[in-house]
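In: make a model of this:
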Amino acid sequence: GRGRGDAVSEEDDCLDDRKCSTKFMLGIFKRLGGEAFKNQDGQDFVCFSAGGPEGAEDARRTYSLAAGVAELVKVAVRADVVPSRHVREELKEHLSMQALAAEPRQTHVRLGAHDGAIYLDLGDPTWRAVRVTADSWKIVSDVPINFIRGKDAKPLPLPVRGGNLGRLWDLVNVTDDHDRVLVLSWLVATLYPLGPFTGLSIVGNAGSAKTTALHFLRGLIDPSVTDDRGLPRDEHALAIAASRNWVLSFDNLSGIAHWLSDALARVTTGGSFGDRTKYSNDSETTFKFRRPFLVNGIVDFAERPDLAQRCINVRLAPIKVRRTESEIYAEYERERPRLLGCLLDAVALGMASPPIPADLPRMADFAAFILRASPALGHAPAKFIEAYQGNLDDSSAAILDSDELVPVIQKLLDKHKGTWAGTAAELHTTLLRIATNPHAVPKGPRAISAALNRLEDILLKRCKISIVRPPRSSKSRGLILTTATK
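Out: The predicted structure is shown next:
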């Protein structure tokens, strides 16, 4: 392939003329095998397939439009040509028009699937990736996927076979056997881009190495300069973070707003987020993505059922023997290539299709994938089911313990001998009348209905309280709450 030094031809003259300079820049774009296109979110991108770095001249390299123009400017500057602002803007406009006329393409961050294989972008200057199939994995230079990279993305190490996942526990302070099973399960599922995903919540007291655990776990999948960022301020900020990162990680949470809890639940299974297009009053930019997330904090934060049932919770014990940061980080870097290789072995095994049990827990696709991968993780499939079901049960119990509405509903049914029927408005009035703490009752009939929708599954499974909504054609009114008889 042609190197970057060949991207500028001696035939490109008339460089002082603005029109000719734009033509000169487009000539560089052509010699670099440049193509412009829009991705699945309608954003402009450019891809180069020639003139790459030494040893990877023909590697596919994809950039946002602005970053792609910057790459072209670098090539021009190396030829002693400095495009003016007018030329750069004209070039950007021309490439945007090319993108509009081209067929849209999928862009991917860190992981993507193509033709039965998955690809993991190593993030290095050669744009190599790991290709994983049901048979095995290998490092490849010919990558058929348009990978894009956020400015804060860091490279992964080259994976190495023959490691031992048990070495992870010398680095990450997870001591409970079930929690270790769940952490490994989260890591492997995060490397499988077809999802759906779960979140991982790391809880522990001060000094339990929560932030170190966050750094080390994310560093095995999607290392980033900003892996310990704070919570996003709104859905737009969350969408921007997801467009530039594979793993969404947030450090040192003390709580979480309801809107963000609902948004993270949507993120794990696939969600769309819309916002007004910049510099426009009547256009909307839509982001659609599915991402795993990783958080830590001193207290459990997943109090709403939708998020709690999509989140793995692990608790770190106090550290008994402390090591210096330089020592543990050096050991992590030594082990990281082999740990990544072990995880890729498990992903390859999980992509195979042996029989799986028919009775799967919630997040069945996630559970089915981990059941197939379990032998490569060093534990029996039944141990994963035991650990995961226990995690779901603990989450349900925590929600019931923290939700002040539940005991008020139980008190209502005790007073009415196990059955109550009426409208949402009547339920609201009745609950206010019997509640010791009126703040435990949502404000208004609409809020009562929303709370029942949120708690319905957990009330049935944990409290044996069923909620029936008869059809409007029925003579029954609104809601029927019933406690199952033993």
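In: buried stuff in whatever helix or strand Ala398 lives in?
Out: The secondary structure element spanning Ala398 is helix 381-402 (assigned by DSSP states H and E). For helix 381-402, the buried set under the neighbour-count rule, 16 or more other C-beta atoms under 10 Å, comprises Pro381, Phe384, Ile385, Ala387, Tyr388, Asn391, Leu392, Ser395, Ser396, Ile399, Leu400. Yep, even glycine has a C-beta here, placed from its N, CA and C like the rest.
In: ok, stretch 214-228 next?
Out: Residues of stretch 214-228 classed as buried by neighbour count (16+ other C-beta under 10 Å): 214-224, 226-227.
In: do me a favour and average the pLDDT over the very next helix or strand once past the helix holding Ala398.
Out: Scanning the chain past helix 381-402 towards its C-terminal end, the next helix or strand to appear is helix 405-415 (assignment: DSSP H and E). When pLDDT is averaged along helix 405-415, the result is 91.
In: following helix 405-415 in sequence, what is the next regular element?
Out: strand 419-422.
In: ok, residues contacting the very next helix or strand once past that next one?
Out: On the C-terminal side of strand 419-422, the closest following helix or strand by DSSP H and E is helix 424-434. Where contact means C-beta atoms under 8 Å, 6 or more residues apart in numbering, the residues beyond helix 424-434 that reach it are 405, 408-409, 411-412, 415, 420, 422, 438, 441-442, 444-446, 448-449, 478-479, 481.
In: PyMOL command to pick out the buried ones of these?
Out: Below is the selection syntax for PyMOL that covers the buried ones among the contacts of helix 424-434, with 16+ other C-beta under 10 Å defining burial:
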select buried, resi 405+408+409+412+420+422+441+442+445+448+449+478+479+481
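In: list phi and psi for Val295.
Out: For Val295, the backbone dihedrals are phi -140, psi 160 (criterion: degrees, to the nearest 10).
In: which residues does it bridge with?
Out: The partner list for Val295 in beta bridges (DSSP bridges) reads Ser201, Phe250.
In: ok, now which ones touch it?
Out: Contacts for Val295 (C-beta under 8 Å, 6+ apart) come out as Gly199, Leu200, Ser201, Ile202, Leu214, Ser249, Phe250, Asp251, Leu253, Phe301.
In: the same query, at a cut-off of 10 Å, please.
Out: 199-203, 210, 214, 231, 248-253, 256, 264, 301-302, 311 (C-beta atoms under 10 Å, 6 or more residues apart in numbering).
In: do the same with Leu344
Out: Leu344 makes contact with 118, 120, 130, 132, 136-138, 159-161, 188, 191, 376 under the criterion C-beta under 10 Å, 6+ apart.
In: may I see the buried residues of stretch 103-118?
Out: Of the residues in stretch 103-118, those buried under the neighbour-count criterion (16+ other C-beta under 10 Å) are Arg105, Thr107, His108, Val109, Arg110, Leu111, Gly112, Ala117, Ile118.
In: do you know how far Ala397 is from Ile28?
Out: Computed with C-beta to C-beta, to the nearest Å, the distance linking Ala397 and Ile28 is 62 Å.
In: what helices and strands are in contact with the helix or strand that contains Tyr119?
Out: Element membership of Tyr119 [criterion: DSSP H and E] is strand 117-121. Using 3 or more C-beta pairs under 10 Å, 6 or more residues apart in numbering; DSSP states H and E as the contact criterion, the elements in contact with strand 117-121 are strand 107-109, strand 111-114, strand 129-132, strand 137-140, strand 146-148, helix 325-350.
In: partner strands of it and their direction?
Out: strand 111-114 (antiparallel), strand 129-132 (antiparallel).
In: which one of those lies nearest to Leu360?
Out: Distances from Leu360 to each of the strands paired with strand 117-121 were compared using C-beta to C-beta; the minimum, 22.1 Å, belongs to strand 111-114.
In: quick one: residues in contact with that closest one.
Out: 106, 108, 118-121, 129-132, 143-147, 190-195, 221-222, 246-247.
In: let's check: the centremost residue of the chain is which one?
Out: Averaging the C-alpha coordinates of the chain gives a centre point, and the residue nearest to it by C-alpha atoms, centre = their mean is Arg291 (2.1 Å).
In: quick check: that residue vs Asn453, distance?
Out: Remark: distance between Arg291 and Asn453 (C-beta to C-beta) = 25 Å.
In: off-centre distance for stretch 338-355?
Out: Relative to its parent chain, stretch 338-355 has a centroid offset of 19 Å by C-alpha atoms, centre = their mean, to the nearest Å.
In: just the CA trace of that stretch, in PDB.
Out: What follows is the C-alpha trace of stretch 338-355 in PDB, where atoms were taken according to Å, rounded to 0.1, in the frame of the first residue of the first chain:
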ATOM      1  CA  ARG A 338      -3.100 -13.000  29.600                       C
ATOM      2  CA  LEU A 339      -6.300 -12.000  31.400                       C
ATOM      3  CA  LEU A 340      -7.700 -10.500  28.100                       C
ATOM      4  CA  GLY A 341      -6.700 -13.700  26.300                       C
ATOM      5  CA  CYS A 342      -8.700 -15.800  28.900                       C
ATOM      6  CA  LEU A 343     -11.800 -13.600  28.400                       C
ATOM      7  CA  LEU A 344     -11.600 -14.000  24.700                       C
ATOM      8  CA  ASP A 345     -11.400 -17.800  25.100                       C
ATOM      9  CA  ALA A 346     -14.600 -17.600  27.000                       C
ATOM     10  CA  VAL A 347     -16.300 -15.300  24.400                       C
ATOM     11  CA  ALA A 348     -15.400 -17.800  21.700                       C
ATOM     12  CA  LEU A 349     -16.900 -20.700  23.700                       C
ATOM     13  CA  GLY A 350     -20.000 -18.600  24.400                       C
ATOM     14  CA  MET A 351     -20.500 -18.100  20.700                       C
ATOM     15  CA  ALA A 352     -20.900 -21.800  20.200                       C
ATOM     16  CA  SER A 353     -24.400 -23.200  20.500                       C
ATOM     17  CA  PRO A 354     -24.700 -26.200  22.800                       C
ATOM     18  CA  PRO A 355     -28.100 -26.800  24.500                       C
END
